[in-house]
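In: Based on what follows, work out the 3D shape:
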Amino acid sequence: MNVRRTVANTVLVVSSLSLTACGFVGIGGSRSEEFKGRFYGGAGGLVSRLDPRVRGVSEFSVDDTVSGGGSVLLGYDILPRFSIEANYSILGDSTFNPSGSIDYDVGAISALIYGFNDAGDRARREGFSLFGRLGVGVLDNDSDNVPFDRVNDANFLVGIGAEYGLANGLGFRLEAVSHDEDVQYGQAALLYRFGSSGRSRSTPVRAPSAPVASPQRLPVSNTTESLVITESSPLDSDQDGVLDTSDDCAGTPLGTPVDSTGCAYFEGAIDGVNFMSGSDTLTPDSLGVLNDVVDVLNQYPQARISIGAHTDSQGPGDSNLELSKRRAVSVTRYLVEQGIDGSRLAPRAFGETEPRASNDTKEGRAANRRVEFILLQ
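Out: Sure, this is the predicted structure:
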C-alpha cells in the first residue's frame, strides 16, 4: 500500500511540475491572445483514499481507506496560462477496527498552470487543455472514538488534470490531487466562468456613400432659335451604383455586390484578413477589414457568400486542415456577432490543398495563407 501510494504521489508531482514548467514558458501569454481575466466558480464530487498512519497503536488498525465526498471552488484567471483558486473539500472518513472513524475536510489555495492547447483557446479558457496544480492546504479532522494526533495542520498539495471549456462559460474538469502522505483523491467538477471571454468585438463603421451626381440644366442661348431645355445624368449602364466613367468592370450582373471600381467584391481573397501565428485569433487590423465586409453584406441583404480558409504547407497536412476549419469558423462567428444572419454564410476549409503560389518562398507562403469570399448563386 505505501509503495503504491509513493509511486502515485511521485507521478503526480513529476507530471504537475512538468506541466508547470511548460506553462512558465511565456506564462503571461501576449496581448494578441485577447485575454480577459474572469472569476469562476464550481462544484463537484470526489473519491478519496484516506490512509492515516497507525504505527505504534496496537489496539487500532485501518479497516477502509476509500471514501467519497464533494468540493466547492472559487477562482480567478489572472493570465492566459495562470489561475489562482480556493477550494473546500469534504473527503469522507477512514474507518478502523474494531470501531471508530476519522473524518477529513480540507481547505486549500492553489496556483493552476495551463498548457498544451491553442493560444487563443487558452486565453478564453475554451476547448481542451491540461493543467498542473501547486498549493497549500489545511486539514481538519474529527474522530469517532479514535484518539489521534494531527502532525501537520498545513501541507503542500500537488495535482494534475484536464479541463474542457465551452464558449458560453461552462466547463468540465477531471483531476487527481495529493495532500501530504495520507490523503489522495480524484474529482470531477462542473465550472462556470462569469463575464465575456474577451473576444474582440467592434462596432461596424459605415463607409460614406458615393455622392450622387445632380442633374445638369443646359444654359439658354440668347438667340431667336427655339431651344429644348433637357436634364442629363452620367450613365451607369450596368446599374451597379458605379458610374461608367469610373467602372472598371462594365456589365456586372444586376444585384452583384461591387467595390468602388465597379468590380465584384466577393470573388476571392480580401487583403488584410489575417490571424495570429498558428491560431484562429483574428488580428486587430483584420476586424476593420471584416467590418467593411459587414457593410457590403448589409447593403446587399440577399447576398450569400462562402468563406474559404487556406493555409501554407508548413506542418502536417491534417493539422493545417483543422487550422483552416477553425479560421473559417472564426471569421463566420465574427460576422454573425456583427449582425449578419448565419444562414447567409458558408464556412469552408481547404488547408494546404489549393496553393496559389509556391510554398518554397516566404512571400509564396504568405500568399497561400488567405481567406477567400465567394458569392453564392
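
In: Run the chain-centre distance for the strand or helix carrying residue 292.
Out: Secondary structure from DSSP states H and E places residue 292 in helix 284-299. Mean C-alpha position of helix 284-299 versus that of the full chain (C-alpha atoms, centre = their mean, to the nearest Å) differs by 22 Å.

In: Please apply the same query to stretch 106-121.
Out: With C-alpha atoms, centre = their mean, you get 15 Å for stretch 106-121.

In: What of stretch 93-110?
Out: Distance, centroid of stretch 93-110 to centroid of chain: 40 Å (C-alpha atoms, centre = their mean).

In: Please apply the same query to stretch 90-108.
Out: 41 Å.

In: tell me which residues in that stretch are buried?
Out: Using 16 or more other C-beta atoms under 10 Å as the test for burial, stretch 90-108 gives 90-96, 100-104, 106, 108. Quick note: C-beta positions are derived from backbone N, CA and C, even for glycine.

In: Neighbours of residue 348, how many?
Out: Look at residue 348: counted by other C-beta atoms under 10 Å, it has 15 neighbours.

In: Report the beta-bridge partners for it.
Out: Beta-bridge pairing for residue 348 (DSSP bridges): residue 308.

In: That one against residue 321, yeah?
Out: No: the criterion here is C-beta atoms under 8 Å, and residue 348 misses it with residue 321 at 11.2 Å.

In: which residues do those two both contact?
Out: With contacts taken as C-beta atoms under 8 Å, 6 or more residues apart in numbering, residue 348 and residue 321 have no neighbour in common.

In: in the chain, which helix or strand is least confident?
Out: strand 216-217 (a mean of 42; mean pLDDT, DSSP states H and E).

In: Remind me which helix or strand residue 158 belongs to.
Out: Element membership for residue 158 (DSSP H and E) is strand 154-165.

In: other SSEs contacting that strand?
Out: helix 2-24, strand 101-115, strand 127-144, strand 170-179, strand 183-193 (3 or more C-beta pairs under 8 Å, 6 or more residues apart in numbering; DSSP states H and E).

In: Let me know the average pLDDT across the next helix or strand after the first one.
Out: I take that to be helix 2-24. With elements assigned by DSSP H and E, the helix or strand that comes after helix 2-24 is strand 39-50. If you average the pLDDT over strand 39-50, you get 92.

In: Ok, stretch 174-181 next?
Out: In this model, stretch 174-181 carries a mean pLDDT of 87.

In: Please apply the same query to stretch 293-311.
Out: pLDDT averaged over stretch 293-311 gives 92.

In: So for that stretch, could I get the coordinates as CSV, restricted to C-alpha?
Out: Output in CSV follows, covering the C-alpha atoms of stretch 293-311 (Å, rounded to 0.1, in the frame of the first residue of the first chain):
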residue,chain,number,x,y,z
VAL,A,293,-17.5,43.1,-45.4
VAL,A,294,-20.4,43.6,-42.9
ASP,A,295,-21.2,47.0,-44.6
VAL,A,296,-21.3,45.4,-48.1
LEU,A,297,-23.5,42.5,-46.8
ASN,A,298,-25.9,44.9,-45.2
GLN,A,299,-26.2,46.9,-48.5
TYR,A,300,-27.0,43.6,-50.3
PRO,A,301,-29.3,41.7,-47.9
GLN,A,302,-30.0,38.9,-50.4
ALA,A,303,-26.3,38.0,-51.0
ARG,A,304,-24.9,34.7,-49.6
ILE,A,305,-21.2,34.0,-49.5
SER,A,306,-18.8,31.2,-48.9
ILE,A,307,-15.8,31.8,-46.5
GLY,A,308,-12.9,29.6,-47.5
ALA,A,309,-9.8,29.4,-45.3
HIS,A,310,-6.4,28.3,-46.8
THR,A,311,-3.0,27.7,-45.2
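
In: bridging residues for the closest residue to residue 42 other than its chain neighbours?
Out: Closest residue to residue 42 apart from its sequence neighbours, by C-beta to C-beta, 6 or more residues apart in numbering: residue 191 at 3.8 Å. With DSSP bridges as the criterion, residue 191 is bridged to residue 42, residue 171.
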